[in-house]
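S.K.: sequence and predicted structure, then a few things I'm wondering about:
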Protein chains: 2
Amino acid sequence: MNHPHFSTKERILSAAEELFARHGFAGASLRQVTSAANVNLAAVNYHFGSKDNLINEVFRRRLDELTERRLQALQEARQSGSATLENLLEAFVTPALNLATDRFGGSAFMRVLARAYAEHDQTLRKFLSDNYGHVLKAFAKAIHELMPELQKEPLYWRLDFISGALTYAMSDFGAIKRPPGRTDEEHRRNAAAEFVRFACAGLRAP
Amino acid sequence: MNHPHFSTKERILSAAEELFARHGFAGASLRQVTSAANVNLAAVNYHFGSKDNLINEVFRRRLDELTERRLQALQEARQSGSATLENLLEAFVTPALNLATDRFGGSAFMRVLARAYAEHDQTLRKFLSDNYGHVLKAFAKAIHELMPELQKEPLYWRLDFISGALTYAMSDFGAIKRPPGRTDEEHRRNAAAEFVRFACAGLRAP
DNA sequence: CTAGACTTCAAACGCCCGTTTGAAGCGCCG
DNA sequence: CGGCGCTTCAAACGGGCGTTTGAAGTCTAG
């Protein structure tokens, strides 16, 4: 085998993730992907069937783990007995932060996710909402129990704003550049703290 | 002429805006654009030189007016003597809302803008920051004067979050669907009010 | 060792892409 | 009317696209 530790499928997924982040789904070609992955062009259709399905699998690989960790963190926050809004939002943000920080290529995935939000493509949206919509619902329910005075409509609006802000912030194209004397991880951790404070205050708006 | 009221250039720009919103910059072809605009394929390269430049002009047509109205609204809010955070944010949001509501095709442009945020393409980003970066700076300055106790770094973070949330919300792919008994304009106006409250509270976070 | 399943490979398929070309059409001024 | 910019047109250019094909290679079980 060409690379000892990663299968052809995994190398395709990683290369696709990086190139989709950089050039978009339509802008990155299978020839670019297979060339970056050191893999034959036909391997994509052999292993994934089509480009569309490859896109879905790029999401599945990361989102399965991300949603599991989010739900687990949510459960821990609720079982602690004295769950605060801050706890809940941290349960939502921290797994995404860890993904963007710890794993090789995770930050590319955050940019892919921002692309997906900008796509209004029905197929992709249905795939995402079918497979991962329940996570947002679970968090909405937990927050609702904590803030019963907040009507449902404003709550959903605010969760919507928070999702958008988080996605865009995580894909790091903002005005904030990492200060010279700070490591990348410190920068992200700081961003998460800032975000949780911002989001909590927004949720608690009068 | 085929359509009496709109020039070839304008018809190309409108069709491009709509198709870029739907399929992305790479995903929408010039053949789709010219066909939707009822215009010869070569007209794009004749009037705009290249597809890349067409993309720029799609932004310029709307952003020139949008930034002017935002800066004008900002000035009015500051000259009123008793500018509040709510006034400032409304000065930022309302022109975007009007664009998305009043003008034919304006909502498509908001989706195009969301695409642009997701693009990390250097050329497009430079074009946008060179031509329209001063608007965000002006609002940041005004907010800073109103909240001098808020450090610069948290301020910029929060403005970043707000930009992301606004872009996301304006391109209306959120979980909130317009309730049956409400007009589209009421829906948007309500969204803007919700957004301003959310953003103000977030900015004022402890 | 060999049969058979799984994987990789180079090559080709038909199609659509952005751009260019040179001729044809058009409207205005002398 | 005639000439001249400006605009539109059909056609073609080379090249990249996603996908398919059938042969060659690789591995494992009997």
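M.R.: Structure's in. What do you need?
S.K.: what about residue A:12, helix or strand, and which?
M.R.: Here residue A:12, judged by DSSP states H and E, is contained in helix A:8-23.
S.K.: so how far is that helix off the chain centroid?
M.R.: Remark: helix A:8-23 is offset 16 Å from the chain centroid, using CA atoms, centre = their mean, to the nearest Å.
S.K.: I'd like the average pLDDT over the lengthiest helix in chain A.
M.R.: Looking across chain A with DSSP state H, the single longest helix is helix A:51-79. For helix A:51-79, the mean pLDDT works out to 94.
S.K.: that helix relative to helix A:8-23, how many degrees between them?
M.R.: Here helix A:51-79 runs at an angle of 90 degrees relative to helix A:8-23 (axes from the mean of the first three to the mean of the last three CA atoms, to 10 degrees).
S.K.: immediately after helix A:51-79, which helix or strand?
M.R.: Next along from helix A:51-79, by DSSP H and E: helix A:85-102.
S.K.: for that following helix, output the C-alpha coordinates as PDB.
M.R.: C-alpha atoms of helix A:85-102 as PDB (Å, rounded to 0.1, in the frame of the first residue of the first chain):
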ATOM      1  CA  LEU A  85     -26.900  28.200  30.800                       C
ATOM      2  CA  GLU A  86     -23.200  28.500  30.600                       C
ATOM      3  CA  ASN A  87     -22.800  24.800  31.200                       C
ATOM      4  CA  LEU A  88     -25.300  24.000  28.400                       C
ATOM      5  CA  LEU A  89     -23.600  26.300  25.900                       C
ATOM      6  CA  GLU A  90     -20.200  24.900  26.800                       C
ATOM      7  CA  ALA A  91     -21.500  21.500  26.200                       C
ATOM      8  CA  PHE A  92     -22.400  22.600  22.700                       C
ATOM      9  CA  VAL A  93     -19.300  24.600  21.900                       C
ATOM     10  CA  THR A  94     -16.500  22.600  23.500                       C
ATOM     11  CA  PRO A  95     -16.800  19.500  21.300                       C
ATOM     12  CA  ALA A  96     -16.800  21.600  18.200                       C
ATOM     13  CA  LEU A  97     -13.800  23.500  19.600                       C
ATOM     14  CA  ASN A  98     -12.000  20.200  20.300                       C
ATOM     15  CA  LEU A  99     -12.700  19.000  16.800                       C
ATOM     16  CA  ALA A 100     -11.300  22.200  15.300                       C
ATOM     17  CA  THR A 101      -8.200  22.000  17.500                       C
ATOM     18  CA  ASP A 102      -7.300  18.400  18.300                       C
END
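S.K.: show me what contacts residue A:88?
M.R.: If you count contacts by CB atoms under 8 Å, 6 or more residues apart in numbering or on different chains, residue A:88 has them with A:74, A:77, A:139, A:142, A:143, A:146. All C-beta atoms are positioned from the backbone trio N, CA, C, and that covers glycine.
S.K.: and those near chain B, which?
M.R.: Among those, proximity to chain B is found for none (CB under 8 Å from any CB of the partner chain).
S.K.: sorry, back to before: tell me which residues of the helix holding residue A:12 are tucked away?
M.R.: A:8-9, A:11-23 (16 or more other CB atoms under 10 Å in any protein chain shown).
S.K.: name the helices or strands packed onto the longest helix of chain A?
M.R.: helix A:8-23, helix A:30-36, helix A:42-48, helix A:85-102, helix A:106-118, helix A:122-146 (3 or more CB pairs under 8 Å, 6 or more residues apart in numbering or on different chains; DSSP states H and E).
S.K.: that helix near DNA strand C anywhere?
M.R.: No. Helix A:51-79 stays out of contact with DNA strand C when judged by CB under 7 Å from any atom of the strand, the minimum separation being 12.2 Å.
S.K.: residue B:195: which of the helices and strands packed on helix A:51-79 is closest?
M.R.: helix A:106-118 (16.8 Å; CB to CB).
S.K.: from residue A:114, how far off is the residue in chain A positioned nearest to DNA strand D?
M.R.: Closest approach of chain A to DNA strand D (CB to the nearest atom of the strand) occurs at residue A:29, with a separation of 2.8 Å. Using CB to CB, to the nearest Å, residue A:29 is found at 21 Å from residue A:114.
S.K.: residue numbers of chain A in contact with DNA strand D?
M.R.: A:1, A:29, A:30, A:31, A:32, A:41, A:42, A:44, A:45, A:50, A:51, A:52.
S.K.: measure the second one to DNA strand C for me?
M.R.: Going from residue A:29 to DNA strand C by CB to the nearest atom of the strand, to the nearest Å gives 11 Å.
S.K.: where does pLDDT dip in chain A?
M.R.: Applying pLDDT under 70 to chain A flags the ranges A:1-4, A:102-104, A:172-178.
S.K.: just to revisit the earlier point, could I get the contacts of residue A:88 in JSON lines, plus columns for neighbour count?
M.R.: Formatted as JSON lines, the contacts of residue A:88 follow (neighbours: other CB atoms under 10 Å in any protein chain shown):
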{"residue": "A:74", "neighbour count": "21"}
{"residue": "A:77", "neighbour count": "20"}
{"residue": "A:139", "neighbour count": "20"}
{"residue": "A:142", "neighbour count": "20"}
{"residue": "A:143", "neighbour count": "20"}
{"residue": "A:146", "neighbour count": "15"}
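S.K.: just to revisit the earlier point, residue A:29 and residue A:114: who's more crowded?
M.R.: residue A:114 (26 against 14; other CB atoms under 10 Å in any protein chain shown).
S.K.: right, and the more buried one touches residue A:166 too?
M.R.: No. In this structure, residue A:114 is not within contact of residue A:166 by CB atoms under 8 Å, at 10.0 Å.
S.K.: so how many other residues sit close to the residue lying closest to residue A:107 once chain neighbours are set aside?
M.R.: Once flanking residues are discounted, residue A:107 sits nearest to residue A:100: 4.9 Å by CB to CB, 6 or more residues apart in numbering or on different chains. Residue A:100: 22 surrounding residues under other CB under 10 Å.
S.K.: pretty sure residue A:100 sits against residue A:112.
M.R.: No. The pair residue A:100 / residue A:112 is not scored as a contact, 11.5 Å apart, by CB under 8 Å.
S.K.: so how far is DNA strand C from the residue nearest in space to the middle of chain A?
M.R.: Centroid-nearest residue in chain A: residue A:110, 5.1 Å away (criterion: CA atoms, centre = their mean). As for residue A:110, its distance to DNA strand C is 28 Å (criterion: CB to the nearest atom of the strand).
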